[in-house]
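Student: just need the structure, nothing else, for what follows:
(2 chains)
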Number of protein chains: 2
Amino acid sequence: MDRLRRHVPMLDWGRSYSRGALSNDLVAALIVTIMLIPQSLAYALLAGLPPEAGLYASIVPILLYAIFGTSRTLAVGPVAVVSLLTASAIGQVAEQGTAGYAVAALTLALLSGGILLLMGVLRLGFLANFLSHPVIAGFITASGILIAISQMKHIFGVSAGGQTLPEMVVSLVANLPQTNWITLALGVFATGFLFAARKYLKPGLRRIGAPPFLADILTKAGPVFAVVATTLAVWQFDLARLGVNIVGEVPQSLPPLTLPGFAPDLLAALLVPALLISIIGFVESMSIAQTLAAKKRQRIDPDQELIGLGTANIGAAFTGGFPVTGGFARSVVNYDAGAETPAAGAFTAIALAIAALTLTPLVHYLPNATLAATIIVAVLSLVDLSILQRTWAYSRADFAAVAVTILVTLGLGVELGVASGVILSVLLHLYKTSRPHVAEVGLVPGTEHFRNIHRHKVETDPTLVTLRVDESLYFVNARYLEDLIQRRVTEGCTIRNVVLQFSAVNAVDYSALESLEAINQRLKDMGVGLHLSEVKGPVMDRLERGHLLEVLNGRVFLSQFDAWQALTEQTAEK
Amino acid sequence: MDRLRRHVPMLDWGRSYSRGALSNDLVAALIVTIMLIPQSLAYALLAGLPPEAGLYASIVPILLYAIFGTSRTLAVGPVAVVSLLTASAIGQVAEQGTAGYAVAALTLALLSGGILLLMGVLRLGFLANFLSHPVIAGFITASGILIAISQMKHIFGVSAGGQTLPEMVVSLVANLPQTNWITLALGVFATGFLFAARKYLKPGLRRIGAPPFLADILTKAGPVFAVVATTLAVWQFDLARLGVNIVGEVPQSLPPLTLPGFAPDLLAALLVPALLISIIGFVESMSIAQTLAAKKRQRIDPDQELIGLGTANIGAAFTGGFPVTGGFARSVVNYDAGAETPAAGAFTAIALAIAALTLTPLVHYLPNATLAATIIVAVLSLVDLSILQRTWAYSRADFAAVAVTILVTLGLGVELGVASGVILSVLLHLYKTSRPHVAEVGLVPGTEHFRNIHRHKVETDPTLVTLRVDESLYFVNARYLEDLIQRRVTEGCTIRNVVLQFSAVNAVDYSALESLEAINQRLKDMGVGLHLSEVKGPVMDRLERGHLLEVLNGRVFLSQFDAWQALTEQTAEK
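Tutor: A predicted model of the protein is given here:
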């Protein structure tokens, strides 16, 4: 039963569900629904799918996450970056607008869900850790730029394509002569209105005396106003006749039962993008969930989150959706609106289902330009170039990872962008640890402490060299240590003993073990003793399984001071 | 001048060259030459090249290494593993026996030399560190098996092909019905003789009273006896007529001037194999050179070694050779024979040049089976499956790296073998550091020391949790720490302060910095303080460039004991 409850967290919170929580969850659901209707349509547009797909992707996935997810307030559905990744992945296997395109989206959601579920069951959540913060920040920023540029065609009312920034800009500029001026006017109005609403509406309403709750809800409904105003304009003046692209016929329906494709070459083509979507979606979702959970001292279980997101995506695959994950904006709104349990998500799903069944005729005249404006305003908040400046100040290696991720994502596409960022981060990390900080230390007079001889006034002994290695020893830095000790010992002819102070060595792998054996043998050949001091418990346990301690031409000292006393006395006696 | 002398080590040892060193070097050169003649022919056969290529590859490269190399006793020339890699690489771009094949070998040597030289000039020697000891050991063992199997066709006198173990075995077995029984007899005799000579000749000679020096030199000349005996047999009984494959016509010539190919697609096709040959050759060579140098308290400069090996390979490219590196057997023989300076190498080169000019007609009737036997006996000493057992005892991760390298090298080929070994080692290392050892510590009563609460009897305080993190913090383990702290703090409701003891944290990258900021923010939201203790100088310098210390909801303590006193007192006051 405990096991079941761990894997179905709903059983946990469901048992103690109270009347108070119910009313809080209902209010939160209403607010989130109002925000989600235009957003869902817009992200479907971004993914290159019919608008209803956005609604469908927000219904069953939310319900499934409410059952299997561990976050109380995470809101799952289509999000900007994942929609961009979806468009990029499907664009490579099918033509937009064809039946194959929609099936590919379902297949991508299924694969992504399957990968997440598998990772959850196999407890592989740590794989997400390969995405460093600089890589994620760079990727999100570059994606935001790509998304905003990709939507400009809807604002201008032209057709344009391209997967990378240069391609998009060239294609857009080439098509600008076909600009539909009425579309542009609507698009500029909607964008301007949304920016202004985001920035000035709430303080403005407060200033004219509106109660905070009302000011808040009116601000969040900003996109709804833009949608209503531009839809009315198009309907009233029959602007569609003048070439303004509109959403058009949207079926009045609950999410349909759909079947993803199982053709092996389709699955093969979408596997890598699905992996990328899974990991990026998971990382984003986790960071939102943890941030919100911490505020209420709740805990998020990463492996269970994988299962929650996995089932949500599989749900999307069979109900006409596309890949989904936890969204930042909607989750924060949900939290702020007072959601207490995942039931809020379930109520949102019900409200959206009602909307899909009854309200879709109302969006017939909604211009695509308005949806594009919604997306642009939403994603520009993702663009944060200050990460470049912050990482530059902190460390050049992290800066390089951000810069390369941004440049490659913009210039060569999203998949290569993430891949090059991850590979570069790993290589830079290995490079940094390949030349560990090694301090030669001496005794601080009158104490038992040892400090760097170049930074402090310390006692030294011409027959004794003590090196403190500030890094775990493994294959990438093993030979560096060999070279370093060889160099140091061939420099000084009086040296009779070398001590390696292991206080900061957390691990010694087999390569490093063999290097230590080689160092030991070479020092022995030179008539120099090799000693270790302050070896940690786990490292000592490990060394005892190898050959080194048997052949060590010296001793293992508990403390560096013991080593100093034994080896300087020993020399004094001679 | 100092700079010149650093890059031309010959200027260093040449100035003090003595009469005693001269006579020692001459004796060593003679012994090495006797050993090298059959070995050079054999490795040319292994590389799929005409026998003279082996001699040529041993002449100019040795001279160039004598000028530019830093090891006093390293002997450079064709070696088994590099010859196998050469055959594997060239086999993919040209048909064996064609002019294109020989040109490809020259091109490979040129590329490899260029890469080594470039790495030396750019001081990129550390790249070799990506080859962990288990990967190298596994690769050498698997290569030894592949080489031995590849030579079996010469022993049976059949033709066979294949790049991988299964292919080779299938091809060999399919061709066994064509076995030439006379060849087989010669091959079995030569193999048996060489094994016996290696194992029993020296102790046998000593037992019958031969002086050690003579016993030693006779043993080393074992291959020469096998060569002479089988050559005489073939010549005497005209066995070539009966289908025994022989070396045949070998030109009497000094190394010719040759021109490698510069066709872009040839260069492109050979680039990756050349990189592999360079790095494997360099690693092998360095480990031999360092081992021998240590015995005489001499120093090997890795970057200058790259230059020495680079020029040697470029020399091979222009004088009819193929890729070369420092060889283990010949270097040890050179060292044991008393070589004092690289002049011994130069004398070896001269002796080999005389042999190439005068002695080549004598090897006309030498059967290939004898050369194959030489190779088989030499490489079986490389096969060391005990590495599997030793790494298994030491660490499962290192064992996995060895096992995968061996299996992939045997099953899928040498390039994939090394690549998968390197990638697996890196991933396993990252995996190990992704879940660092974190100990919760308490005060050892009556001291200022803090130890693991699960291993020792220590004082703790219900309001204070101190975690000692035994690993540098970076992107792969940053989130692990977030989860761990969140879990620990949500467990205990009395916790008011968390201290992270950083005594074993050698670095904090930007991802970890942001994770620490997130941890700080989440703990703050829970009303819990976050403190650091025993932060190392370089880590503190780094943290000061970031945002964390400004927002830290707590203090940075010099020692963990300070933290204990301050935070337990503080709680007591409340």
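Student: sec struct for residue A:465, please.
Tutor: Look at residue A:465: counting by DSSP: H, G, I helix; E, B strand; the rest coil, its state is strand.
Student: and the pLDDT at the residue of the stretch 51-200 of chain A found nearest chain B?
Tutor: Residue nearest to chain B within the stretch 51-200 of chain A (CB to the nearest CB): residue A:132, separated by 3.3 Å. Placement of C-beta: from N, CA and C, glycine included. pLDDT, residue A:132: 86.
Student: next up, the contacts around the closest residue to chain B within the stretch 151-300 of chain A.
Tutor: Nearest residue of the stretch 151-300 of chain A to chain B: residue A:294, at 3.2 Å (CB to the nearest CB). For residue A:294, the contact set (CB atoms under 8 Å, 6 or more residues apart in numbering or on different chains) comprises B:486, B:521, B:522, B:523, B:525, B:526.
Student: which one of the residues you listed sits closest to residue A:358?
Tutor: Ranked by distance to residue A:358 (CB to CB), these are led by residue B:525 at 40.4 Å.
Student: please verify my assumption that the closest one contacts residue A:295.
Tutor: Yes: the pair residue B:525 / residue A:295 is scored as a contact, 4.7 Å apart, by CB atoms under 8 Å.
Student: once you drop chain neighbours, what's closest to residue A:434?
Tutor: The shortest distance from residue A:434 to any non-neighbouring residue, by CB to CB, 6 or more residues apart in numbering or on different chains, is to residue A:476 (4.6 Å).
Student: in terms of helices and strands, where is that neighbour?
Tutor: helix A:475-491 (DSSP states H and E).
Student: remind me which helix or strand the residue of the stretch 151-300 of chain A closest to chain B belongs to.
Tutor: helix A:264-295.
Student: now swap in residue A:144 and tell me
Tutor: Assessed by DSSP H and E, residue A:144 sits inside helix A:133-156.
Student: how near is the residue of the stretch 51-200 of chain A closest to chain B to residue A:421?
Tutor: Separation of residue A:132 from residue A:421 (CB to CB, to the nearest Å): 8 Å.
Student: for residue A:28, same thing?
Tutor: According to CB to CB, residue A:28 stands 36 Å off from residue A:421.
Student: so between these two, which is more surrounded?
Tutor: residue A:421 (30 against 26; other CB atoms under 10 Å in any protein chain shown).
Student: quick check, pLDDT for the closest residue to residue A:337 other than its chain neighbours.
Tutor: Using CB to CB, 6+ apart and skipping the chain neighbours, the partner closest in space to residue A:337 is residue A:28 (3.8 Å). Note on residue A:28: pLDDT of 85.
Student: what does residue A:63 give?
Tutor: Here, the pLDDT recorded for residue A:63 equals 92.
Student: pLDDT value on the closest residue to it other than its chain neighbours, please?
Tutor: Of all residues not flanking residue A:63 in the chain, residue A:349 sits nearest, at 4.9 Å (CB to CB, 6+ apart). Looking at residue A:349, its pLDDT is 92.
Student: any idea which element residue A:349 lies in?
Tutor: Residue-wise, residue A:349 maps onto helix A:343-358 under DSSP H and E.
Student: got a list of contacts for that helix?
Tutor: A:17, A:21-22, A:24-26, A:28-30, A:32-33, A:36-37, A:40, A:52, A:55-56, A:58-60, A:62-63, A:65-66, A:73-76, A:252-255, A:334, A:337, A:339.
Student: which of those residues fall in strands?
Tutor: Residues of those located in strands (DSSP state E): residue A:76.
Student: which of the contacts of helix A:343-358 are buried?
Tutor: For the contacts of helix A:343-358, a burial check counting by 16 or more other CB atoms under 10 Å in any protein chain shown picks out A:21, A:24-26, A:28-29, A:32-33, A:36-37, A:40, A:52, A:55-56, A:58-60, A:62-63, A:65-66, A:73-76, A:254-255, A:334, A:337, A:339.
Student: quick one: the helix or strand hosting residue A:403 to helix B:475-491, angle?
Tutor: Take DSSP H and E as the rule and residue A:403 turns out to sit in helix A:396-412. Counting by axes from the mean of the first three to the mean of the last three CA atoms, to 10 degrees, helix A:396-412 lies at 110 degrees to helix B:475-491.
Student: shaky segments in chain A?
Tutor: Within chain A, the stretches with pLDDT under 70 are A:1-2, A:297, A:569-574.
Student: tell me the centre residue of it?
Tutor: Ranked by distance to the mean C-alpha position of chain A (CA atoms, centre = their mean), the top residue is residue A:283 at 3.6 Å.
Student: not counting residues beside it along the chain, what's closest to that residue?
Tutor: Residue A:283 sits nearest to residue A:128 (CB to CB, 6+ apart), 4.9 Å away.
Student: could you check how far the one you found is from residue A:88?
Tutor: Distance from residue A:128 to residue A:88, counting by CB to CB: 20 Å.
Student: for chain B, what are the nearby residues on the stretch 151-300 of chain A?
Tutor: Contact residues, the stretch 151-300 of chain A versus chain B (CB under 8 Å from any CB of the partner chain): A:286, A:287, A:290, A:291, A:293, A:294, A:295, A:297, A:298, A:299, A:300.
Student: what distance separates the helix holding residue A:294 from the centre of its chain?
Tutor: 8 Å (CA atoms, centre = their mean, to the nearest Å).
Student: now do stretch A:294-312
Tutor: On CA atoms, centre = their mean, the centre of stretch A:294-312 falls 15 Å from that of its chain.
Student: just the endpoints, please. Distance across it?
Tutor: Stretch A:294-312 has an end-to-end distance of 23 Å (criterion: CA to CA, to the nearest Å).
Student: which parts of the next helix-or-strand element following the helix holding residue A:294 are buried?
Tutor: Note on helix A:264-295: by DSSP H and E, the next helix or strand toward the C-terminus is helix A:302-318. Within helix A:302-318, the residues scored as buried using 16+ other CB under 10 Å are A:302-318.
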